[in-house]
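Novice: 3D, please:
(2 chains)
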Amino acid sequence: MDVSATERSDAELARLTARGDRPAAGMLIARHQAMVRWFLRRLCGNADTADDLAQETFLRVLRYAHRYDPRYPMRTWLLTIARRLWISQRPRLVVEQAPAHDPVDATNDPARTATVAEQRVAIDAAMTQLTEPQRTAVLLFHLRELPLREVARVMEVPEGTVKSHLHRARALMRQHLDDPTEATPP
Amino acid sequence: MTTTPPSPDDRDRRWIEALRQADEPDPPDGDRFVREVLARWDGSAASEPVSPRRWRLLLFPAALAAVIALAVSISLWRVPPQPAPPAPVADLFRQATEQILVQPGRVSDAISTATQWLDAHRLIDLLPAQRLPDPARFVEPIDHETPDAT
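Specialist: As a prediction, the model looks like this:
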């Protein structure tokens, strides 16, 4: 009995994609698109730019699916490609420091809405103070809760370097969120 | 009443939690995104250059043929030119015999042919120079058909 597409592993989908299997490619994209787009939106701060980069990321994965090493998670490969694309194309892109997310949903509690909005602004402002490696480390380790080993593989640095980025990023975030006027760039 | 300041870990947890709460939800247009990527993939596949794997498949026979041709040309180039083989001895004797018997007027040619034969077999140096007949002595035709007057 054939295994349905939803039960297929990333490695199998990559193998089928390398043969030109369109449904497998679609399943691979659908499975990981949210994470890649989220990561790029948080990195570059612009939803349209992030989606362009995400499309390019997946195109490369589809073209070079035969190179996928199944010993490592697919998301590691995707995030590595996405980050490389962002770093290489960043000088040519217009980076917006505005928050990448949509406006705060209106709720029945205007006070609550205002509080959340202020919180988002403060956090976004603090995040913009971080360097790209610091931001990547915070996003993947603290928000996506990827293992340190996987974060290091995505960033293509030793684990100790990731720890160093995280340490400095946490200090800056604390400093900025506690007293933004005293925060200094790294 | 005073409160103790939060430890660094507590303060980290606070902003990390705030960061998570402030994080945006997954984009709702995932299906559209998938369709767009697949459409670009279809478009690029039509105009895409040959993939690296196919390049390897195409290049391998060509590279193999080039290597073989190169090896053959090098081997031919390195072989020294062979000297032309000497005329077979049998041919030289046949020529000499014909010239003496069939063309009796060409005795000098027959001697030259015999001398070539000796030279070809490295025998010419073994003979004293005076034992070699001088072709000039035989410029006069010998008529084998004329019976000896004596």
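
Novice: rest of the way, CA atoms for contacts and neighbours
Specialist: Will do.

Novice: Can you report how many residues lie near residue 24?
Specialist: With no chain named, the answer covers chain A. 22 (other Cα atoms under 10 Å in any protein chain shown).

Novice: To clarify, I was referring to chain B.
Specialist: The number of residues packed near B:E24 is 17, by other Cα under 10 Å.

Novice: For chain A, see how far away it is.
Specialist: 5 Å (Cα to the nearest Cα, to the nearest Å).

Novice: Also B:A62?
Specialist: From B:A62 over to chain A (counting by Cα to the nearest Cα), the distance is 24 Å.

Novice: What residues does chain A have near chain B?
Specialist: Within chain A, the residues that sit near chain B (Cα under 8 Å from any Cα of the partner chain) are A:22, A:25-26, A:29-30, A:33-35, A:37-38, A:55, A:58-59, A:62, A:101-102, A:116, A:119-120, A:123, A:142-143, A:170, A:173-174, A:177.

Novice: Please list the members of these that lie in helices.
Specialist: If you go by DSSP state H, the residues of chain A next to chain B have A:22, A:25-26, A:29-30, A:33-35, A:37-38, A:55, A:58-59, A:62, A:116, A:119-120, A:123, A:170, A:173-174, A:177 in helices.

Novice: Quick one: buried ones out of the residues of chain A next to chain B?
Specialist: Burial by neighbour count, judged by 16 or more other Cα atoms under 10 Å in any protein chain shown, picks out A:22, A:25-26, A:29-30, A:33-35, A:37-38, A:55, A:58-59, A:62, A:101, A:116, A:119-120, A:123, A:142, A:170, A:173-174, A:177 from the residues of chain A next to chain B.

Novice: Look up phi and psi at B:D23.
Specialist: phi -70, psi 150 (degrees, to the nearest 10).

Novice: Would you mind pulling the contact partners of stretch A:52-63?
Specialist: With Cα atoms under 8 Å, 6 or more residues apart in numbering or on different chains as the test, stretch A:52-63 has contacts from A:14, A:17-18, A:25, A:29, A:33, A:36-37, A:40, A:78, A:81-82, A:85-86, B:33, B:36-37, B:40-41.

Novice: again, only using 7 Å
Specialist: Residues outside stretch A:52-63 that contact it (Cα atoms under 7 Å, 6 or more residues apart in numbering or on different chains): A:17, A:25, A:29, A:36-37, A:78, A:81-82, A:85, B:37, B:41.

Novice: What residues does chain B have near chain A?
Specialist: Selection of chain B residues close to chain A by Cα under 7 Å from any Cα of the partner chain yields B:11-12, B:16, B:19-20, B:22, B:24, B:26-27, B:30, B:34, B:37-38, B:41.

Novice: wait, which of these is closest to B:A110?
Specialist: B:W41 (88.4 Å; Cα to Cα).

Novice: got a list of contacts for the helix or strand harbouring the closest one?
Specialist: Assessed by DSSP states H and E, B:W41 sits inside helix B:30-47. With contacts defined as Cα under 7 Å, 6+ apart, helix B:30-47 is touched by A:26, A:29-30, A:33, A:55, A:59.

Novice: any chance of these in JSON lines, with pLDDT too?
Specialist: Formatted as JSON lines, the contacts of helix B:30-47 follow (pLDDT from 0 to 100):
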{"residue": "A:G26", "pLDDT": "93"}
{"residue": "A:I29", "pLDDT": "94"}
{"residue": "A:A30", "pLDDT": "93"}
{"residue": "A:Q33", "pLDDT": "93"}
{"residue": "A:Q55", "pLDDT": "94"}
{"residue": "A:L59", "pLDDT": "94"}
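
Novice: Just send those back as CSV, with distance to B:A120 too.
Specialist: Listed next are these as CSV, based on distance: Cα to Cα, whole Å:
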residue, distance to B:A120
A:G26, 85
A:I29, 86
A:A30, 89
A:Q33, 89
A:Q55, 84
A:L59, 79
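
Novice: returning to what we had before: export the helix holding B:W41 to PDB, keeping only CA atoms.
Specialist: Extracted C-alpha coordinates of helix B:30-47, given in PDB (Å, rounded to 0.1, in the frame of the first residue of the first chain):
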ATOM      1  CA  GLY B  30       0.300  29.200   2.700                       C
ATOM      2  CA  ASP B  31      -1.500  27.600  -0.200                       C
ATOM      3  CA  ARG B  32      -0.900  30.600  -2.400                       C
ATOM      4  CA  PHE B  33       2.700  30.600  -1.400                       C
ATOM      5  CA  VAL B  34       3.000  27.000  -2.400                       C
ATOM      6  CA  ARG B  35       1.300  27.600  -5.700                       C
ATOM      7  CA  GLU B  36       3.600  30.500  -6.500                       C
ATOM      8  CA  VAL B  37       6.800  28.600  -5.800                       C
ATOM      9  CA  LEU B  38       5.600  25.600  -7.800                       C
ATOM     10  CA  ALA B  39       4.700  27.900 -10.700                       C
ATOM     11  CA  ARG B  40       8.200  29.500 -10.600                       C
ATOM     12  CA  TRP B  41       9.700  26.000 -10.400                       C
ATOM     13  CA  ASP B  42       7.700  24.900 -13.500                       C
ATOM     14  CA  GLY B  43       8.800  28.000 -15.300                       C
ATOM     15  CA  SER B  44      12.400  27.700 -14.400                       C
ATOM     16  CA  ALA B  45      12.400  24.000 -15.200                       C
ATOM     17  CA  ALA B  46      11.400  24.700 -18.800                       C
ATOM     18  CA  SER B  47      14.200  27.200 -19.300                       C
END
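
Novice: Lovely, talk soon.
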